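Engineer: the following comprises the amino acid sequence and a computationally predicted model.
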Amino acid sequence: MMRRTANAEARLAELVRMQGEMHGRVAAMAETIVSRQSELNQAVSQRLDGMSHRLGSTITEQTKSTHENLRKLQERLAVIDAAQNNIQTLAKDVVGLQAILSNKQTRGAFGQGRMEAIVADGLPQGAYSFQSPLSNGTRPDCVIRMPNGAPPLVIDAKFPLEAWNAFREAASPEARRAAGQQFRRDMEVHIKDVAEKYLIAGETQDTVLLFVPSESIFAEIHEHFDAVVQKAQRARVVIVSPSLLLLSIQVIQAVLRDQRMREQAHLIQGEVELLMEDLGRLDDRTRKLQSHFLAAERDVEQILTSTEKLTKRGNRITSLELETPAGGDAATPSPQKSVESRTGLLRLRVVDEE
């Protein structure tokens with residue numbers, strides 16, 4: 001019994017010891033877990049802070065980028081709106097131009113207005129006139145007065161645009177050929193009318209300018225309707241574009257300027273003669289002034305000669321020695337030459353130069 005009790009106590013003590021060890025291990029494990037948990041919380045907190053910072057930076061950059069893209073988009077939309085407004089304005093202008101060109105009267109006014117602007121910009125007032133009547137009762141679009149009493153030059157600004165538009169807008173080759181024939185007939189009729197109305201012997205020039213208010217139409221006429229151009233030249237009607245009309249106006253302006261210079265030639269000659277007279281008087285006065293200068297130079301030379309003589313005489317005087325009067329301290333008379341003054345009070349001794 002005693003042995004069993006001792007064994008039981010020994011087992012109980014062993015259990016207590018094992019329980020103590022177990023408590024120590026549990027406490028160590030608890031401390032380890034607490035420290036690990038603290039480290040884990042700190043690492044998680046650091047990572048969360050880093051992620052929050054990166055996420056905030058990314059959101060800020062994305063916000064800036066979004067605002068910048070929205071600003072650029074607004075600028076582009078503003079440019080698109082301005083371009084759209086310009087397109088709408090241009091469309092209105094094109095519609096207005098089409099309305100002008102579709103009407104014969106307004107079309108004629110458009111061509112005549114452009115021709116008048118070129119003439120008015122290149123020639124002085126009085127050198128041209130618009131809608132001036134001729135002796136046969138016709139009123140050409142423009143009459144340019146030529147210099148030297150030459151007959152005036154006539155310019156016509158009308159053009160058969162309907163036939164040309166039909167030729168340009170023809171879709172099929174047959175329609176284009178028919179429209180081309182119609183345009184050729186209209187041009188030939190118009191050239192004939194211009195030649196009959198405005199070519200008046202002794203009253204107008206033997207050439208009439210037919211103004212075409214478009215460089216492209218002028219080029220296509222010379223490309224596709226060479227026969228019309230040749231017939232116009234034979235009829236002494238010259239087809240001109242705005243650039244050729246401007247060139248012709250510049251040539252006429254040069255001729256007018258040359259005429260004005262010839263008209264003023266006698267005035268220029270008179271002014272040149274007066275200029276030569278003034279130049280002759282200036283030459284005479286210059287020569288007189290030169291003679292005065294020469295005389296003054298001779299006088300100055302004579303004055304210099306006198307001053308040189310005076311300087312030499314002054315040098316001789318400065319080389320003389322003054323002697324004391326009789327009864328002075330001089331013991332022996334000087335064997336050198338002496339000169340008495342007129343008063344007898346001053347005796348000069350002449351010292352011979354060695």
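Structural biologist: Cool, got the structure.
Engineer: strands of the stretch 51-200 of the chain, start to end?
Structural biologist: Along the stretch 51-200 of the chain, counting by DSSP state E, counting those that start in this stretch, strands occupy 128-129, 142-144, 153-156.
Engineer: most tightly surrounded among those strands?
Structural biologist: strand 153-156 (a mean of 24; mean count of other C-beta atoms under 10 Å). C-betas here are computed from N, CA, C, even on glycine.
Engineer: adjacent strands (with direction) for that one?
Structural biologist: Sheet pairing of strand 153-156 (DSSP bridges) gives strand 142-144 (antiparallel), strand 208-211 (parallel).
Engineer: next, the buried residues of the last one.
Structural biologist: For strand 208-211, a neighbour-count test (16 or more other C-beta atoms under 10 Å) marks 208-211 as buried.
Engineer: dump the strands of the stretch 51-200 of the chain to CSV, plus mean pLDDT.
Structural biologist: Below are these laid out as CSV (pLDDT from 0 to 100):
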stretch, mean pLDDT
strand 128-129, 86
strand 142-144, 88
strand 153-156, 88
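Engineer: list the contacts of stretch 182-189.
Structural biologist: Outside stretch 182-189, the residues that touch it by C-beta atoms under 8 Å, 6 or more residues apart in numbering are 160, 163-164, 166-167, 221, 225, 227-228, 231-232.
Engineer: please repeat the previous calculation with a cut-off of 10 Å.
Structural biologist: Contacts to stretch 182-189, defined as C-beta atoms under 10 Å, 6 or more residues apart in numbering, come from residues 159-168, 210, 221, 224-225, 227-229, 231-232, 235, 239.
Engineer: which parts of the stretch 251-354 of the chain are strands?
Structural biologist: Counting by DSSP E, counting those that start in this stretch, the strands of the stretch 251-354 of the chain are 321-323, 338-340, 347-349.
Engineer: what about the helices in the chain?
Structural biologist: 2-102, 104-122, 161-168, 173-198, 215-224, 226-234, 242-263, 265-318 (DSSP state H).
Engineer: reformat the strands of the stretch 51-200 of the chain as TSV; add distance to Ala265.
Structural biologist: Below are the strands of the stretch 51-200 of the chain laid out as TSV (distance: least, C-beta to C-beta, whole Å):
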stretch	distance to Ala265
strand 128-129	25
strand 142-144	24
strand 153-156	25
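Engineer: low pLDDT regions in the stretch 251-354 of the chain?
Structural biologist: Where the stretch 251-354 of the chain drops to pLDDT under 70, the residues are 263, 321-354.
Engineer: one step back: tell me which of the strands paired with strand 153-156 lies nearest to Gln250.
Structural biologist: strand 142-144 (12.4 Å; C-beta to C-beta).
Engineer: check the offset of the closest one from the chain's centre.
Structural biologist: 35 Å (C-alpha atoms, centre = their mean, to the nearest Å).
Engineer: do the same with stretch 128-142
Structural biologist: With C-alpha atoms, centre = their mean, you get 41 Å for stretch 128-142.
Engineer: got the CA coordinates for that stretch in PDB?
Structural biologist: Only the C-alpha atoms of stretch 128-142 are listed here, as PDB (Å, rounded to 0.1, in the frame of the first residue of the first chain):
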ATOM      1  CA  TYR A 128     -10.200 104.400-118.500                       C
ATOM      2  CA  SER A 129     -14.000 104.500-118.500                       C
ATOM      3  CA  PHE A 130     -16.800 101.900-118.000                       C
ATOM      4  CA  GLN A 131     -19.900 101.600-120.200                       C
ATOM      5  CA  SER A 132     -18.800 104.600-122.400                       C
ATOM      6  CA  PRO A 133     -20.900 104.800-125.600                       C
ATOM      7  CA  LEU A 134     -19.200 104.400-129.000                       C
ATOM      8  CA  SER A 135     -20.300 106.000-132.300                       C
ATOM      9  CA  ASN A 136     -22.300 102.900-133.300                       C
ATOM     10  CA  GLY A 137     -24.400 103.200-130.000                       C
ATOM     11  CA  THR A 138     -22.800 100.200-128.300                       C
ATOM     12  CA  ARG A 139     -21.500 100.400-124.700                       C
ATOM     13  CA  PRO A 140     -18.400  98.300-124.100                       C
ATOM     14  CA  ASP A 141     -17.700  97.100-120.600                       C
ATOM     15  CA  CYS A 142     -14.400  99.100-120.500                       C
END
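Engineer: buried ones in that stretch?
Structural biologist: Per 16+ other C-beta under 10 Å, stretch 128-142 contains these buried residues: 128, 130, 134, 140-142.
Engineer: what's in contact with that stretch?
Structural biologist: 108, 111-112, 115-116, 118-120, 122-123, 143-145, 152-158, 193-194, 196-198, 200, 202-204, 208-209, 211, 245, 249, 252.
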